[in-house]
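Peer 1: Here is the input, now give the coordinates:
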Amino acid sequence: MLLADCTSEPLGRANHEASLAVIEHNLGWVSDSKSLLAALTPVP
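Peer 2: Here you go, the predicted structure:
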């Protein structure tokens, strides 16, 4: 899993979005840190 908001692309936002799409398509899940923390937070 790659956390999109915890990575950056030195060539700009458009390249960042393209890189995320390629990673998601070829390697697996792309998410964000807020979603990951929500999934890991125990339900009372």
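Peer 1: all contacts plus neighbour counts: C-alpha atoms, from now on.
Peer 2: OK.
Peer 1: quick one: the helices in this protein?
Peer 2: Secondary structure of the chain (DSSP state H): helices located at 13-26, 33-40.
Peer 1: Just send those back as TSV, with mean neighbour count and mean pLDDT too.
Peer 2: Output for the helices of the chain, formatted as TSV (neighbours: other CA atoms under 10 Å; pLDDT from 0 to 100):
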stretch	mean neighbour count	mean pLDDT
helix 13-26	13	91
helix 33-40	11	95
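Peer 1: mind putting these in a markdown table, distance to residue 5 included?
Peer 2: Formatted as a markdown table, these follow (distance: least, CA to CA, whole Å):
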| stretch | distance to residue 5 |
| --- | --- |
| helix 13-26 | 10 |
| helix 33-40 | 7 |
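Peer 1: Out of the ones you listed, which gets nearest to residue 2?
Peer 2: helix 13-26 (8.2 Å; CA to CA).
Peer 1: before we move on, the earlier item: for residue 6, which of the helices of the chain is the nearest?
Peer 2: The nearest among the helices of the chain, by CA to CA, is helix 33-40 at 7.2 Å.
Peer 1: Start and end of stretch 4-15, how far apart?
Peer 2: Terminal residues of stretch 4-15 lie 12 Å apart, using CA to CA, to the nearest Å.
Peer 1: Stretch 17-34 too?
Peer 2: This stretch, stretch 17-34, spans 18 Å end to end (CA to CA).
Peer 1: And stretch 29-44, by the same measure?
Peer 2: Stretch 29-44: ends 27 Å apart by CA to CA.
Peer 1: Check the offset of that stretch from the chain's centre.
Peer 2: Mean-position distance between stretch 29-44 and its chain equals 12 Å (CA atoms, centre = their mean, to the nearest Å).
Peer 1: same check, this time on stretch 25-32
Peer 2: 7 Å.
Peer 1: Next, the buried residues of it.
Peer 2: Buried residues in stretch 25-32, counted by 16 or more other CA atoms under 10 Å: none are found.
Peer 1: neighbouring contacts of that stretch?
Peer 2: Stretch 25-32 is contacted by residues 1-6, 20, 23-24 when judged by CA atoms under 8 Å, 6 or more residues apart in numbering.
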